[in-house]
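Engineer: I'd like to go over a predicted model; first the sequence, then the structure.
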Amino acid sequence: SQQGEEDPQALSIQEGENATMNCSYKTSINNLQWYRQNSGRGLVHLILIRSNEREKHSGRLRVTLDTSKKSSSLLITASRAADTASYFCATDLPQGGSEKLVFGKGTKLTVNP
Amino acid sequence: DTGVSQNPRHKITKRGQNVTFRCDPISEHNRLYWYRQTLGQGPEFLTYFQNEAQLEKSRLLSDRFSAERPKGSFSTLEIQRTEQGDSAMYLCASSTRGISGRGGNEQFFGPGTRLTVL
């Protein structure tokens, strides 16, 4: 079963605009990660935020985490056509739990030039 | 760093046939994972190895599925008596953690093997 749910399922914006994707999850976590997947390809790790962190930045990416609401958001600023991809959040369980990542269903982002 | 590689990239087979996929992880990574992804869904965990030991298996991994990592390097995933429901992208990932076990479990994914069962 999938723990995370991304929202929206699909998002279409113009180049230069910001894109915000949300992720909700069900159980306590150790870390939350965001991955990008271009059509028919493997996943690329974007950013990891630990359960004791609230916000993290990497280039044009900003991730927030609210453990009380069991939710996270990914903001991509000044989007580019090359950002067109599906974005997934993935969680792993607290230390001592499973090593697996549990993914959501993803948000399909289209950035129009 | 050559990244995670998977072979073949595509496999078309008839129902009832056996198939085997190979994954070569990043060389210094001791952890290797298999996931399955169907259209419109996120990857779902199948199994995980630390070195050569298979430490966790999902309930998705029926008796027809078997995975090995004989020397703690490359891994194979075999599906016996394939069914149409096995059609999916099979993704392999690898990672490494510090000795203390702390640190994030960032996983590095291969390009996947797309299986089509006719």
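Structural biologist: Okay, I see it. Residues are numbered from 1 along each chain as shown, chains lettered A, B, ... in the order given.
Engineer: what number of residues lie near the nearest residue in space to B:Arg22 that is not next to it in sequence?
Structural biologist: Taking Cβ to Cβ, 6 or more residues apart in numbering or on different chains as the measure, B:Arg22 lies nearest to B:Asn7, with 4.9 Å between them; neighbours along the chain are not counted. Every residue, glycine included, has its C-beta placed from N, CA and C. Per other Cβ atoms under 10 Å in any protein chain shown, the neighbour tally for B:Asn7 reads 14.
Engineer: now the one 4 residues further on
Structural biologist: A count of nearby residues for B:Lys11, using other Cβ under 10 Å, gives 18.
Engineer: does stretch A:99-108 come close to chain B?
Structural biologist: Yes: using Cβ under 8 Å from any Cβ of the partner chain, stretch A:99-108 reaches chain B at A:99-106.
Engineer: Can you lay out those as JSON lines showing pLDDT?
Structural biologist: Shown next, in JSON lines, are these (pLDDT from 0 to 100):
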{"residue": "A:Glu99", "pLDDT": "78"}
{"residue": "A:Lys100", "pLDDT": "86"}
{"residue": "A:Leu101", "pLDDT": "90"}
{"residue": "A:Val102", "pLDDT": "91"}
{"residue": "A:Phe103", "pLDDT": "93"}
{"residue": "A:Gly104", "pLDDT": "90"}
{"residue": "A:Lys105", "pLDDT": "90"}
{"residue": "A:Gly106", "pLDDT": "93"}
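Engineer: Could you list which of those belong to helices?
Structural biologist: Secondary structure defined by DSSP state H assigns none of the residues of stretch A:99-108 next to chain B to helices.
Engineer: PyMOL command for the buried members of the residues you listed?
Structural biologist: Taking 16 or more other Cβ atoms under 10 Å in any protein chain shown as the burial criterion, the selection of buried members of the residues of stretch A:99-108 next to chain B in PyMOL is written as:
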select buried, chain A and resi 99+100+101+102+103+104+105+106
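Engineer: Could you find the closest non-adjacent residue to A:Thr20?
Structural biologist: Distances taken as Cβ to Cβ, 6+ apart put A:Leu75 closest to A:Thr20, at 5.1 Å, once the chain neighbours are dropped.
Engineer: Quick check: the one you found vs chain B, distance?
Structural biologist: Here the distance between A:Leu75 and chain B works out to 20 Å (Cβ to the nearest Cβ, to the nearest Å).
Engineer: Verify the contact between that residue and A:Leu61 for me.
Structural biologist: Yes: the pair A:Leu75 and A:Leu61 qualifies as a contact (Cβ atoms under 8 Å) at a distance of 7.1 Å.
Engineer: sorry, back to before: based on its surroundings, how many neighbours for the residue nearest to A:Thr20?
Structural biologist: Here the neighbour count serves as a burial measure; for A:Leu75 (other Cβ under 10 Å) it reads 14.
Engineer: how about it, secondary structure?
Structural biologist: Per DSSP: H, G, I helix; E, B strand; the rest coil, the local secondary structure of A:Leu75 is strand.
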